[in-house]
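Student: dropping a prediction and its sequence here:
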Amino acid sequence: MFKIIYFTGLVTMSIIRAPFSRQTKTNQIVDSRKTILEIFLLSLMSVGMLVIPLIYVFTPLLSFADYQLPSWAGWIGVVFSVVALWLFWRSHADLGRNWSPTLELRKGHQLITSGVYKYVRHPMYAASLMWGVAQVLLLHNWIAGWSPFLSLMIMYFLRVPREEQMMLDQFGEEYQSYMSRTGRIIPRRFWK
Ligand SMILES: C[S@@+](CC[C@H](N)C(=O)[O-])C[C@H]1O[C@@H](n2cnc3c(N)ncnc32)[C@H](O)[C@@H]1O
């Protein structure tokens with residue numbers, strides 16, 4: 001059953017993203033930082049978050065790496081996935097046309113500091129990391145359960161400094177001041 005819940009969450013994520021992907025296709029890009037590293041990170045995410053878990057859900061190929069967790073762990077995973085999906089939707093809605101799957105800025109790019117961006121600078125990555133934790137709790141398999149979390153952590157640590165540098169280059173002091181009042185994925189007032 002937890003496999004079905006996981007798969008439903010994955011489909012929901014794609015449905016949430018679809019209209020934003022369509023909308024941003026018409027954006028005129030003025031700064032693109034899609035390097036080899038960026039292409040590697042996007043591929044790693046697709047393999048870790050999509051390909052491996054789907055192989056696990058639809059074939060028995062990875063069942064040798066199964067382990068047991070009590071069912072309450074799966075239910076905690078369900079709570080994590082619901083919160084992750086909400087935050088994933090909310091951050092897309094707040095960024096609107098300024099969202100893009102990679103590191104780039106559009107003509108007329110606006111710095112968003114309201115909605116969930118008022119509290120943290122990377123709510124979408126926070127949602128993805130939460131989804132990664134949910135997956136560990138929903139898919140009880142050393143490979144399929146942990147591959148998304150691992151790929152998300154690599155993406156988070158390698159991409160965020162480069163994304164923040166791009167935003168600093170574009171928005172200068174405005175972004176600097178935004179950084180001083182927000183946390184990356186945890187709101188400042190919780191840790192300061
Ligand atoms: C995949 S989105 C992720 C956004 C953000 N890092 C997050 O986790 O919610 C990456 C793109 O969003 C845009 N972006 C990131 N933060 C932004 C902000 N505060 N306002 C406007 N655009 C932003 C940049 O163009 C960046 O290339």
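Tutor: That came through, no problem. Nothing here was measured: the structure is a model prediction, and the numbers come from that model.
Student: contacting residues for the residue sitting nearest the centre point of the chain?
Tutor: In the chain, the centroid-proximal residue (C-alpha atoms, centre = their mean) is Ser128; its distance is 3.1 Å. Shown in contact with Ser128 (C-beta atoms under 8 Å, 6 or more residues apart in numbering): Met49, Ala84, Phe88, Leu152, Met155. Yep, even glycine has a C-beta here, placed from its N, CA and C like the rest.
Student: buried ones in stretch 70-82, by neighbour count?
Tutor: By neighbour count on 16 or more other C-beta atoms under 10 Å, the buried set for stretch 70-82 is Gly74, Ile76, Gly77, Val78, Phe80, Ser81.
Student: ditto for stretch 92-103
Tutor: So for stretch 92-103, counting by 16+ other C-beta under 10 Å, buried means His92, Asp94, Leu95, Asn98, Trp99, Ser100, Leu103.
Student: so what's the closest residue to Gly115 other than its chain neighbours up against?
Tutor: Spatially, and ignoring its direct neighbours in sequence, Gly115 is nearest to Asp94 (3.5 Å; C-beta to C-beta, 6 or more residues apart in numbering). Counting by C-beta under 8 Å, 6+ apart, Asp94 makes contact with Ile112, Ser114, Gly115, Val116, Tyr117, Pro123.
Student: what of Leu62?
Tutor: With C-beta under 8 Å, 6+ apart, Leu62 has these contacts: Ile52, Ile55, Tyr56, Asn141, Ile143, Ala144.
Student: equivalent analysis for Ala93, please.
Tutor: So Ala93 contacts Gly115 (C-beta under 8 Å, 6+ apart).
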